[in-house]
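> Return atomic coordinates for the entry below.
(one chain, ligands or ions: 1)
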Amino acid sequence: MFGSRFHCPDCGSSDAFRSRRRTFLEKYILPFFLLKPVRCANCYLRMNASALIPVRERDHRPVHPHAAA
Ligand SMILES: [Zn+2]
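Below you'll find the model as predicted:
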């Protein structure tokens, strides 16, 4: 939980992108707990990770269809 590197709980990838903060929770509550929304670069699972974990900035590739909702 307090690891310094991203590790996807689903596919085990260590590569992730920063995700947009959409909800009140993500904008105001998660930062309070040092969490941020990230998306796995491999399987596109969206999750909250420690704000201390370095992840890549979003690029401009189209959003994965399964992640669009
Ligand atoms: Zn993954």
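
> What segments of the protein are helices?
For the chain, the helices defined by DSSP state H occupy 24.

> I'd guessed residue 53 sits against residue 4; true?
Yes: between residue 53 and residue 4 there is a contact at 6.6 Å, judged by CB atoms under 8 Å. Bear in mind the C-beta positions are built from the backbone N, C-alpha and C, glycine included.

> who's more crowded, those two?
Each of residue 53 and residue 4 has its neighbours counted (other CB atoms under 10 Å); residue 53 has more, 18 against 8.

> how close does that one sit to the ion?
14 Å (CB to the ion, to the nearest Å).

> Same check on residue 57?
Noted for residue 57: a distance of 18 Å to the ion, by CB to the ion.

> again with residue 32
26 Å.

> Counting neighbours, what do you get for residue 55?
Residue 55 - counted by other CB under 10 Å - has 20 other residues nearby.

> repeat for the one 3 residues further on
The local packing of residue 58 (other CB under 10 Å) involves 12 other residues.

> per-residue pLDDT, it?
Residue 58 carries a pLDDT value of 81.

> how about the residues of the protein near the ion?
Taking CB under 5 Å from the ion as the contact definition, the chain meets the ion at 8, 10-11, 13, 40, 42-43, 45.

> out of those, which are inside strands?
Secondary structure from DSSP state E places residue 40 of the residues of the chain next to the ion in strands.

> Out of the residues of the chain next to the ion, who's the most crowded?
Within the residues of the chain next to the ion, neighbour counts (other CB under 10 Å) peak at residue 40, which reaches 25 neighbours.

> out of everything not next to it in sequence, what's closest to that one?
residue 8 (4.3 Å; CB to CB, 6 or more residues apart in numbering).
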